[in-house]
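1. When you get a sec, could you give me coordinates for this:
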Amino acid sequence: MRRLRECLVVCALAVSACQSPPPSKPAAGAGSGVPRGGDLVVSIRTEPRTFNSLTVPDTTTEVLASLMQAKLVRINRVTDDIEPWLAEGWTRSDDGLRYTIKLRPNVTFSDGQPLTSGDVVFSLAAAYAVRPVADALEIDSKQLRAEAVDPLTVTLTFPSLFAPGLRVLERLPVLPRHKLEAAFKGGTIDKALNLSTPPSEIVGAGPFVLREYLPGQRMVFGRNPHYFRRDAGGAPLPYLDRVIVDIIPDENTQLLRLTSGQGDLTATEVPAADYATVKRAANAKTVQLFDLGVGLDANALWFNLKPGSLAPDPRAAWLQRDELRKAISLAVDRQLFADTVFLGAGLPIYSPITPANKRWYWTDTPRTPHDPAAARSLLASIGLVDRNGDGVLEDAAGRPAQFTLLTQKGRPSLERGAAVIRDELKKAGLVVDVAALDGGAIIQRILQAKYDAVYFNPTWSDTDPASSSDFWLSSGSSHFWNMAQKAPATDWERQIDDLTIRQMHSTDDRERKRLFDETQKIFADHLPVIYFVAPHVFAAASTRVQNVTPSVKAPQLFWSPDTVAVSK
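-> Numbering: from 1, shown residues only. Alright, predicted model coming up:
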């Protein structure tokens, strides 16, 4: 899951030498009516914490990386296919473990220095020296091995068979060894490219270069004259001259700037609460509104299931029980949730995988009914009963059944969702105290296992379950209800570990799907994380924005910045 984390299906492993897929269709050229030049104004909600995309896997860093960096391969957000990028092509060994990758010739970094296989080998080593990207690049907790054969050829050896193959590289930027090797050798690569780094020192192979950074206000990016991609007509990309990224934490201000023509698009979706406003602007032809369907990601509720983390609190006897989580799933009216939190623009869901993930969604996922009576019965089975008739459940010692739910402040969908959970559980006799913290504080509490329950927004970075093994495996760094276990804490987690490892290494797509369906069944039986509604995803842009390819995943309209254009 990698973005509390990450990552990663190429050719069938049954053949002895798999050729890379054909290059993605080049962007339409100016002869097709796509204008060149001009500025694009994009707004983001969060100040960058770094310019080093190896260290912080959030949306802001991802946007900046897409502007300044390039990768060997890319996952097309619309087709979900892997595409050659800096890599021109590749072959695979008979055993499926070794890839020989050919780089595009004559590619240079933004400072004019050549990009070679040595930079690829260096980038992988740098990634392994830093978390969390390293998690995304390990298979069975073992590292990939890269070797430079010649300046344009690199071999990549996997420690074991991995079904998604080179898809794992989607999170690896190819960094300039000549600029960063000293920091790597000095053990400070995690501190390189920090916010105090002069823009002229930030070198990459992406379509733009950083020209100016005003903390708390904006970043200005100019065209990289050395960028390697060209459009279908042979003209150099990107189309834009400049990208101005404004830092605007307030959603209402972002919306006002967009609808008033001061901004061109936002890096994230249009919140459901703002849909009506944007729809009116679209009807007035001042913005474009894109309906992208049900999203891949949904906000999630989970409890701290780390053994001993709540001791000596007597509530541990019921806070960590399956029955509590099942009762909550029964007690919360998902349609009410969709109507209240997302103003009806959401689909009730019952598992981490939403119907938007067409390949991996389990169509037989059990639909938990809204049944408060059944919820109370389950709670009674673990000793939570209203013993004094005040409407609040108590344990055997008369202590109220009460817990604190952490959520992120300033995020309306999270704050409204936490309020709905609190109010729905009150009807079942549970007392929920909602505490809104900033995102960094919540992450810290999760990492330290210092919480009762969390309602937050972990997101998938890829649709393939093998690429999100850090969520499914008990040893994973995104197994957030009990992270990084040395051994599975429960029999059902042990079963999921086994299924996950088998589907990661299978060469049979049908068998992989069967194994993952079984994984989802076990997950549904124990509900370590409870999901209520997957929001409908909307995105908006000014009417002058052209040539966007909308994706259900953030950044919905700006995941391919080299092909975006603006009318003059």
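2. quick one, helices of the stretch 301-450 of the chain?
-> 316-319, 322-331, 334-341, 372-381, 412-427, 439-447 (DSSP state H, counting those that start in this stretch).
3. Output the contacting helices and strands for the shortest one.
-> When contacts are defined as 3 or more CB pairs under 8 Å, 6 or more residues apart in numbering; DSSP states H and E, helix 316-319 sits against none of the other helices and strands. All C-beta spots, glycine's among them, are computed from the backbone N, C-alpha and C.
4. Report the mean confidence score over that helix.
-> The average of the pLDDT scores along helix 316-319 is 94.
5. Need the contact partners of that helix.
-> For helix 316-319, contacts defined as CB atoms under 8 Å, 6 or more residues apart in numbering pick out 303-304, 310, 313, 324, 382-384, 395, 401, 403, 452-453.
6. The second one now?
-> Among residues not part of helix 322-331, those counted as contacts by CB under 8 Å, 6+ apart are 301, 303, 318, 350, 368-372, 374-376, 378-379, 381-382, 421, 424-425, 427-428, 430, 526-528, 530.
7. ok, of the residues you listed, which come out buried?
-> 301, 303, 318, 350, 368, 370, 372, 375-376, 378-379, 382, 421, 424-425, 428, 430, 526-528, 530 (16 or more other CB atoms under 10 Å).
8. Contacts for whichever strand or helix holds F221 next, please.
-> If you go by DSSP states H and E, F221 is part of strand 218-223. Residues from elsewhere that reach strand 218-223 (CB under 8 Å, 6+ apart): 48, 64, 67-68, 207-213, 238, 240-247.
9. So I501: helix, strand or coil?
-> At I501 the chain is in helix, as set by DSSP: H, G, I helix; E, B strand; the rest coil.
10. Burial check on the closest residue to it other than its chain neighbours, number of neighbours?
-> Distances taken as CB to CB, 6 or more residues apart in numbering place D140 nearest to I501, at 7.3 Å, with adjacent residues excluded. Counted with other CB atoms under 10 Å, residues neighbouring D140 total 15.
11. mind exporting stretch 273-287 as CSV, just the C-alpha atoms?
-> In CSV, the C-alpha atoms belonging to stretch 273-287 read as follows (Å, rounded to 0.1, in the frame of the first residue of the first chain):
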residue,chain,number,x,y,z
ALA,A,273,-19.0,19.0,-0.8
ASP,A,274,-17.8,21.3,-3.6
TYR,A,275,-19.2,19.3,-6.5
ALA,A,276,-22.3,21.5,-6.9
THR,A,277,-20.2,24.7,-7.0
VAL,A,278,-17.9,23.2,-9.6
LYS,A,279,-20.8,21.8,-11.6
ARG,A,280,-22.3,25.3,-11.8
ALA,A,281,-19.0,26.6,-13.1
ALA,A,282,-18.8,23.8,-15.6
ASN,A,283,-22.4,24.6,-16.8
ALA,A,284,-21.2,28.2,-17.2
LYS,A,285,-18.2,27.0,-19.3
THR,A,286,-15.7,28.4,-16.9
VAL,A,287,-14.2,25.1,-15.9
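12. quick one: average pLDDT of it?
-> In the prediction, stretch 273-287 has an average pLDDT of 91.
13. Renumber starting at 478 from here on
-> From this message on, residue numbering opens at 478, which makes the last subject stretch 750-764.
14. Now that stretch: buried residues?
-> Using 16+ other CB under 10 Å as the test for burial, stretch 750-764 gives A750, D751, Y752, T754, V755, K756, A758, A759, V764.
15. I'd like the distance between the nearest residue to the second one once chain neighbours are set aside and P591.
-> If I follow you right, that is D751. The shortest distance from D751 to any non-neighbouring residue, by CB to CB, 6+ apart, is to L732 (5.1 Å). Applying CB to CB, to the nearest Å, the value for L732 to P591 is 44 Å.
16. same question, F685
-> 20 Å.
17. more neighbours, the two?
-> Between F685 and P591, F685 has the larger neighbour count (other CB under 10 Å), namely 25 against 15.
18. Settle this for me: that one is touching V722, isn't it.
-> No. Here F685 lies out of contact with V722, judged by CB atoms under 8 Å, at a distance of 10.0 Å.
19. Need the residue in this protein that's farthest from the chain's center.
-> N865 (46.1 Å; CA atoms, centre = their mean).
20. That one against P877, yeah?
-> No. With contacts counted by CB under 8 Å, N865 stays clear of P877, the gap being 9.9 Å.
21. Need the overlap of contacts for these two.
-> Common contact partners of N865 and P877 (CB under 8 Å, 6+ apart): E871.
22. Now V1014. Its backbone dihedrals?
-> phi -100, psi 130 (degrees, to the nearest 10).
23. and the residue nearest to D751, that's in a helix?
-> Yes. Assessed by three-state DSSP, L732 belongs to a helix.
24. Just give the number of residues close to it.
-> Residues contacting L732 under the criterion other CB under 10 Å number 23.
25. what comes into contact with stretch 1026-1037?
-> Here stretch 1026-1037 has contacts from 519, 536, 539-540, 543, 554-555, 742, 744-746, 767, 769-774, 833, 936, 1014, 1016, 1018, 1022, 1025, 1040-1041, using CB under 8 Å, 6+ apart.
26. Out of these, name the ones that lie in helices.
-> Applying DSSP state H to the contacts of stretch 1026-1037, the entries found in helices are T536, E539, V540, S543.
27. List the contacts of the last one.
-> For S543, the residues meeting the contact criterion (CB under 8 Å, 6+ apart) are G683, P1032, F1035, W1036, S1037, P1038.
28. and the fifth one, how many neighbours does it have?
-> This means S1037. The number of residues near S1037, taken as other CB under 10 Å, comes to 22.
29. ok, it to F819 distance?
-> Counting by CB to CB, the gap from S1037 to F819 is 27 Å.
30. what does the first one give?
-> Per CB to CB, G683 is found 34 Å from F819.
31. Neighbour count for the two, which is higher?
-> The residue with more neighbours, out of G683 and F819, is G683; 25 against 22, by other CB under 10 Å.
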